[in-house]
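> After the sequence you'll find the predicted model.
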Amino acid sequence: MTSQREDDRPPDPAGTGSAPQSVHRQASDSTSGKVRRQLHATLPGCWGALLLACLSFTPSLLPRGGLLQGIVCGISAAIGYGLGVLAASIWRAFADRQPRQPRPGAWRVFVISAVVLFGISFALGQYWQREIRSLMGVTEYSVPLAIAAPLTAAIVFCLLILLGRGLRGLYRWTAKHLNRWIGRRAATALGWILVVAVTLFVVNGVLLDGLVSAADQAFSVRDTTTEEGAKQPTSSLRSGGPDSLVPWDSLGRQGRQFTGTGPTASDIANIVPSRTMEPIRAYAGLATSDDTETRAIKAVDDLARAGGFQRANLLVVTTTGSGWVDPAMIDTFEYLSGGDSAAVALQYSYLPSWISYLVDQTKAREAGRALFDVVYDRWSRLPQNRRPRLYVAGESLGSFGGETAFSGEYDLRNRTAGTLFAGPPNFNTLFREFSDHRDAGSPEAQPVYKDGRTVRFASDASSAIAPTGQPWEGTRVLYLMHPSDPIVWWSPRLMLREPDWIGAAPGKDVLESMVWMPFVTFWQITADLPFSTGVPGGHGHKYTTEQVDGWYAVMRPTGLTTTDLDNLKQIIAKLE
């Protein structure tokens with residue numbers, strides 16, 4: 001009598017009693033087949049990966065360490081693999097044939113070529129990186145990380161290929177099940193749509209939102225701390241000080257840095273020997289109010305309380321990210337005005353600048369517009385002979401927010417006495433308008449707009465600002481932008497379109513050997529973004545002593561000598 005377990009066995013056609021082993025072997029073969037398919041590589045895809053991996057070692061704007069180079073190389077190789085597979089499939093479609101095995105020796109030729117080409121590209125990459133470091137005065141370099149770059153690239157490449165094949169498998173599974181109810185072509189199209197939609201939802205709605213939320217909570221805790229050197233003001237001319245309408249604890253970390261530091265009247269007197277005053281600084285942090293407009297009103301109320309509208313020079317600053325104001329920008333303004341100045345700013349985010357650059361653009365826009373509108377409303381009610389000269393400034397995302405208060409060149413000219421924007425992001429509305437509609441013949445790296453009558457651009461404002469010989473009367477609007485600043489030049493259009501600034505003569509800190517390549521250049525500049533301030537001042541996204549020359553060109557102060565400006569630059573350079 002057979003047991004129930006024996007009766008439940010699948011039939012054994014050969015009569016050997018080995019059906020369970022056969023089933024197990026079939027399942028094992030199926031599993032190993034799936035693994036082989038996941039690890040399978042096509043020859044056209046590998047050639048594409050090799051080509052873009054080698055091109056990824058070409059120079060971009062900033063020096064790259066070994067880890068970063070490995071990431072860029074891995075991403076480029078994955079894109080190249082996909083393009084190689086796509087090109088092969090298109091060729092087969094025109095040739096009307098199915099895939100076939102490579103010819104004997106084809107893989108051997110590829111491996112030898114890969115070793116030679118990758119080795120040459122790696123060596124050239126190290127040479128180019130040394131040249132960039134020399135241009136910028138960067139001495140930091142890790143040999144072990146540079147050597148580990150190929151391994152990093154391989155890991156990134158494999159992860160991206162596996163991710164892509166996982167999405168392809170999900171698409172096939174979806175299309176297969178949809179085909180039970182609808183036609184094959186409709187199932188194929190709908191399957192792709194569903195997979196893309198789910199992927200975007202997971203990335204944008206789950207991963208990105210979750211990471212941003214976690215970062216916001218983490219940096220909100222950091223916002224309760226105070227930077228070293230920032231002390232609560234004992235002067236009523238600062239927010240957070242005596243009689244202030246904005247409590248010290250509500251200013252946030254960067255707000256306390258803004259009002260708790262800066263030059264005193266005696267510091268300014270060392271540069272401007274004539275009569276000097278104690279500068280006024282007003283600020284409102286996120287804890288001051290939950291509403292942007294109310295926060296702006298609080299900051300301007302405190303500015304008025306301290307006597308800011310009675311000063312000769314009034315500066316509206318739009319902050320970056322977590323509320324940071326570049327000390328080089330605000331300190332220079334106060335020195336050049338002899339302290340007869342007032343400045344106001346407000347915080348709109350807990351996040352640092354590079355995260356805000358990606359997710360807080362709307363908040364920056366609202367903050368820039370609200371603050372200037374409130375200031376301008378109070379300023380315009382004053383008698384004309386008692387109004388201070390009204391200036392606007394912003395750096396990086398702060399320039400984006402600062403621009404939003406204005407509709408164009410005439411608005412900037414009519415409502416301000418001068419404007420200084422440093423390191424404007426490429427997506428800035430007015431910056432793009434002025435650059436895209438520049439005068440014929442002027443390069444994108446040094447555009448000329450409307451003969452430079454109001455708006456001008458400079459990488460080095462210490463020399464004559466183009467167009468030389470043309471009048472620059474009335475309000476002056478100046479954009480400072482380094483040739484090596486990835487914030488200024490990054491754009492999604494880099495993927496498929498060569499920008500004018502690469503084809504033109506390079507700036508003083510950009511290699512002539514830099515060229516544009518589809519996809520590769522985009523990822524190179526993208527990789528430069530997080531490290532744009534990790535270079536010495538005067539390069540990348542780090543604006544220090546350039547602020548002195550920039551403000552001097554915009555404000556046109558009198559009574560200062562070249563020696564005075566050089567001494568001021570030495571002071572500003574120490575802030576780095």
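Cool, the structure landed. Numbers count the residues shown, from 1 in each chain.

> lowest average confidence, helix or strand, in the protein?
helix 4-7 (a mean of 40; mean pLDDT, DSSP states H and E).

> to the chain's geometric centre, what's the distance from the helix or strand hosting Ile75?
According to DSSP states H and E, Ile75 maps onto helix 66-95. Put simply, helix 66-95 sits 25 Å off its chain's centre (Cα atoms, centre = their mean, to the nearest Å).

> List the buried residues in that helix.
66, 68-85, 88 (16 or more other Cβ atoms under 10 Å). Yep, even glycine has a C-beta here, placed from its N, CA and C like the rest.

> Quick one: name whatever helix or strand follows it.
Helix 66-95 is succeeded, C-terminally, by helix 106-136 (DSSP H and E).

> can I get the CA coordinates of the next helix or strand after that next one in PDB?
As assigned by DSSP H and E, the chain's next helix or strand after helix 106-136 is helix 143-147. Only the C-alpha atoms of helix 143-147 are listed here, as PDB (Å, rounded to 0.1, in the frame of the first residue of the first chain):
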ATOM      1  CA  VAL A 143      45.900  58.600  -5.100                       C
ATOM      2  CA  PRO A 144      44.000  55.500  -3.600                       C
ATOM      3  CA  LEU A 145      40.600  57.000  -4.600                       C
ATOM      4  CA  ALA A 146      41.900  57.700  -8.100                       C
ATOM      5  CA  ILE A 147      43.100  54.200  -8.500                       C
END
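
> and the helix or strand that helix 143-147 is followed by, what other elements does it pack with?
For helix 143-147, the following helix or strand on the C-terminal side (DSSP H and E) is helix 149-178. Applying 3 or more Cβ pairs under 8 Å, 6 or more residues apart in numbering; DSSP states H and E, one finds that helix 149-178 contacts helix 43-55, helix 66-95, helix 106-136, helix 184-200.

> what inclination does helix 149-178 have with respect to helix 43-55?
140 degrees (axes from the mean of the first three to the mean of the last three Cα atoms, to 10 degrees).

> Just checking the distance from helix 149-178 to the centre of its chain.
On Cα atoms, centre = their mean, the centre of helix 149-178 falls 27 Å from the chain's centre.

> State the mean pLDDT of stretch 160-175.
On average, the pLDDT along stretch 160-175 is 88.

> And it, what's buried?
For stretch 160-175, by 16+ other Cβ under 10 Å, it's 160-161, 171, 174-175.

> among those residues, which two are most distant?
Greatest spatial distance in the buried residues of stretch 160-175: Leu160 and Ala175, 22.6 Å, computed using Cβ to Cβ.

> Could you grab the helix/strand/coil label for Leu315?
The three-state label given to Leu315 by DSSP: H, G, I helix; E, B strand; the rest coil is strand.

> Check Arg413 too.
Secondary structure of Arg413, per three-state DSSP, is helix.

> mind listing what it touches?
454, 474-475, 477 (Cβ atoms under 8 Å, 6 or more residues apart in numbering).

> Provide a PyMOL selection command restricted to the buried entries of these.
Those of the contacts of Arg413 that count as buried under 16+ other Cβ under 10 Å are selected in PyMOL with:
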select buried, resi 454+475+477
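
> CSV please, covering the contacts of Arg413 and showing secondary structure, distance to Ser356 and pLDDT.
Shown next, in CSV, are those (DSSP: H, G, I helix; E, B strand; the rest coil; distance: Cβ to Cβ, whole Å; pLDDT from 0 to 100):
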residue, secondary structure, distance to Ser356, pLDDT
Thr454, coil, 29, 97
Gly474, coil, 33, 94
Thr475, coil, 29, 97
Val477, strand, 24, 98
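
> With respect to Glu227, which of the contacts of Arg413 is nearest?
Val477 (31.4 Å).

> Can you spell out which residues form a bridge with the closest one?
Applying DSSP bridges to Val477 yields these beta-bridge partners: Thr419, Val455.

> just checking, it touches Arg415?
No: using Cβ atoms under 8 Å as the test, Val477 is too far from Arg415 to be in contact (11.3 Å).

> Gly452 touches Pro467, doesn't it?
Yes: with contact defined as Cβ under 8 Å, Gly452 counts as touching Pro467 (4.7 Å).

> Ramachandran angles for the closest residue to Phe531 other than its chain neighbours?
Excluding its sequence neighbours, the residue lying closest to Phe531 (Cβ to Cβ, 6 or more residues apart in numbering) is Leu62, at 6.2 Å. Main-chain dihedrals, Leu62, degrees, to the nearest 10: phi -120, psi 160.

> so who does Leu62 touch?
Contacts of Leu62 by Cβ under 8 Å, 6+ apart are 132, 136, 484, 486, 528, 531-532, 534-535, 539-540.

> Let me know the closest of the residues you listed to Arg497.
Closest to Arg497, out of all of the contacts of Leu62 and judged by Cβ to Cβ, is Pro486, at 16.9 Å.

> and Val520, what is it in contact with?
Val520 touches 52, 55-56, 58, 76, 79, counting by Cβ under 8 Å, 6+ apart.

> Could you give the backbone dihedrals for it?
phi -60, psi -50.

> cool, Pro263 as well?
The phi/psi pair for Pro263 (degrees, to the nearest 10) is phi -70, psi 140.

> surely it meets Glu334?
Yes: using Cβ under 8 Å, Pro263 is in contact with Glu334, at 5.7 Å.

> what is in contact with those two at once?
Pro279.

> the inter-axis angle of the helix holding Ile75 versus helix 149-178?
Using the same axes, to 10 degrees: helix 66-95 against helix 149-178 is 40 degrees.
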